[in-house]
Every structure is written in structure tokens, then in C-alpha cells.
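1. following is a predicted model, sequence given first.
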Amino acid sequence: MASEIIHDEAGRRFTYERDGQLSYLLYRQLDERTVEMTSTYTPPPLRGRGIAARIVREALQWADGQGMRVVPTCWFVAEYVERDPQWKRLLA
């Protein structure tokens, strides 16, 4: 994939743009050590290409690097962690 995932800290989101369409993961800070991943979205024409999974992985890597715990209220994030158990250690 040509585009990069961008962490927009001010907007509390990770974004990926392709073909003029934006995919994203939204999060919110619960406290200084806990982040809640609340929502992911991929436009219908871009679905099935693994974009959301790449964004979730990037967000989890960020949280891990910051020493954060994660609350995956987004079903897709929760499912991703369930499929890739290495991330379960981040769960709050």
C-alpha cells in the first residue's frame, strides 16, 4: 500500500488515506496510562484489503511504546486482539 498511517494526536485518531477516501481508528485517553480504542472505519470500496487491521496494529504498537493499557470498546479492535494474542498483555 502506497500511503502511510498517520497518527493525528490532536484529533486522537490514526488515519490512512487511499483513493481520496479516509480510513481511521478513533481513541480517547481515559487516564495517563489507559487509552480506549472506540471506533474504526474503512469506506466500503476499500474494505477487504487489510487496511483496518494495519491501522489497529499501528495504534497498538503506539500504545505499547507509550506504556499504555488498552480498552478495546471497538468490536474490530477487540476481535483483532483476540486473533493476535500477543496484544492481550496490553488490555486494561
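-> Structure received.
2. what helix or strand is the residue sitting nearest the centre point of the chain on?
-> For the chain, the residue sitting closest to the mean C-alpha position, by C-alpha atoms, centre = their mean, is Val56 at 3.1 Å. Using DSSP states H and E, Val56 sits within helix 51-65.
3. the nearest residue to Pro45 once chain neighbours are set aside: neighbour count?
-> In space, and not counting its chain neighbours, Pro45 is closest to Gln21: 6.7 Å by C-beta to C-beta, 6 or more residues apart in numbering. Just so you know, the C-beta spots here come from the backbone N, C-alpha and C atoms, and that holds for glycine as well. Residue neighbour count, defined by other C-beta atoms under 10 Å, stands at 13 for Gln21.
4. beta-bridge partners for Gln21, please?
-> Beta-bridge partners recorded for Gln21 (DSSP bridges): Arg18.
5. and it, what does it touch?
-> Pro43, Pro45, Leu46 (C-beta atoms under 8 Å, 6 or more residues apart in numbering).
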